[in-house]
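>>> got a predicted structure plus its sequence, pasted below:
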Amino acid sequence: MVGRWLGNRRNRMQGTGHLAGVPMPTGAGVLSCRVLDPVNQPVSHAEFAISDAVGRKVVSGGADPFGSFVATVPAGEYRLAVSADGYTPYRASAAVGEGAVTSLGDLTLQVAEPPALPEPGDWEIEPTHSSIAFTARHIGLARVHGRFNTFAGVIRVAEQVDRTAMHVVIDASSIDTNVKMRDDHLRSADFLDVDRFPTLEFYSDRFVHKGGNRWAVTGALSLHGVTRTVTLDTEYLGIGNGMEGEVRAACRATTELRRDDFTVSWQTMLARGIAVVGPSIRVALDVQVVPKS
């Protein structure tokens, strides 16, 4: 896969142009397009997915710095889906011929309406429909997945949303990887040392809008007796209503923590020099909040 612009709707190419002289695999052709915003600027962070006629994904990837995308695919009928943060998704169909270069030209993405923000006031995490999960690498191969089962949090939404504050408290002993022996070890002094440090806490009063439904939530995380600045890459999902009609808001967020930053430094090496536990932990939050009663 390469990333080079091939043309626009006025010079749609079928086996001619910049790539006409480039050998292609037998039975293959090339599909290309360029993605622009409403003022004709390239959308360099656009993501593409090409599926066949029955909906199976064939290839996916991102645009180059000029908003262009080029893929070699078996000749046939395809559906192209284009997405980018802050824009309405775009879908198109294309027929790619053997040995041909098919350009869909310039595709213009329209700016999406951002989802409505929560009303100012205090909102609390609804734990039944929320999760705080993590993933760690084991012996450089498999990933171990876990979660914290007990947590609480309040978000004070300000009139100016960037001044919103959040405080989350997690019960360290509620760590759960579905293996009791491993969980007992994670609670021990080798890792979380829950007898000395019974909670993890995150406090933030900095919400930065990154465009569309993306936010950066920066705050202080206290873990294992150490406090560090952490930024959550957050996707705001909007407002909805529960089964009883109650208003709720939702978001997803991720971050990566290095164990050494929080002095969670226990380590054992295998005979061939591979660490039993990886140096970083990936954290993923799915959160729903409701107005605090």
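Received it, and whenever you're ready, just let me know what you need. Numbers count the residues shown, from 1 in each chain.

>>> got the contact list for the residue lying closest to residue 241 once chain neighbours are set aside?
Closest residue to residue 241 apart from its sequence neighbours, by Cβ to Cβ, 6 or more residues apart in numbering: residue 247 at 6.1 Å. In short, each C-beta sits where N, CA and C put it, glycine included. Contacts for residue 247 were tallied using Cβ atoms under 8 Å, 6 or more residues apart in numbering; they are 239, 240, 241, 290, 291.

>>> how close does residue 247 get to residue 288?
11 Å (Cβ to Cβ, to the nearest Å).

>>> now residue 244
Note on residue 244: its distance to residue 288, by Cβ to Cβ, is 13 Å.

>>> same thing with residue 87?
Taken as Cβ to Cβ, the span from residue 87 to residue 288 is 25 Å.

>>> can you give me the strands in the stretch 1-150 of the chain?
For the stretch 1-150 of the chain, the strands defined by DSSP state E, counting those that start in this stretch occupy 28-36, 47-52, 57-62, 68-74, 76-83, 90-96, 101-108, 121-125, 131-138, 143-148.

>>> identify whichever of these lies nearest to residue 207.
In terms of Cβ to Cβ, the element of those nearest to residue 207 is strand 121-125, at 13.1 Å.

>>> quick one: contacts of that closest one?
Contact partners of strand 121-125, identified using Cβ under 8 Å, 6+ apart, comprise 151-157, 168, 249, 287-292.

>>> hmm, back to that, winner for burial among the strands of the stretch 1-150 of the chain?
Neighbour counts (mean count of other Cβ atoms under 10 Å) averaged over each of those peak at strand 28-36, with a mean of 23.

>>> okay, now the unreliable bits of the chain?
1-23, 138-142, 264-278 (pLDDT under 70).

>>> quick revisit: can you lay out the strands of the stretch 1-150 of the chain as JSON lines showing distance to residue 200?
As requested, the strands of the stretch 1-150 of the chain are exported to JSON lines (distance: least, Cβ to Cβ, whole Å):
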{"stretch": "strand 28-36", "distance to residue 200": "41"}
{"stretch": "strand 47-52", "distance to residue 200": "33"}
{"stretch": "strand 57-62", "distance to residue 200": "34"}
{"stretch": "strand 68-74", "distance to residue 200": "41"}
{"stretch": "strand 76-83", "distance to residue 200": "34"}
{"stretch": "strand 90-96", "distance to residue 200": "41"}
{"stretch": "strand 101-108", "distance to residue 200": "45"}
{"stretch": "strand 121-125", "distance to residue 200": "14"}
{"stretch": "strand 131-138", "distance to residue 200": "9"}
{"stretch": "strand 143-148", "distance to residue 200": "8"}
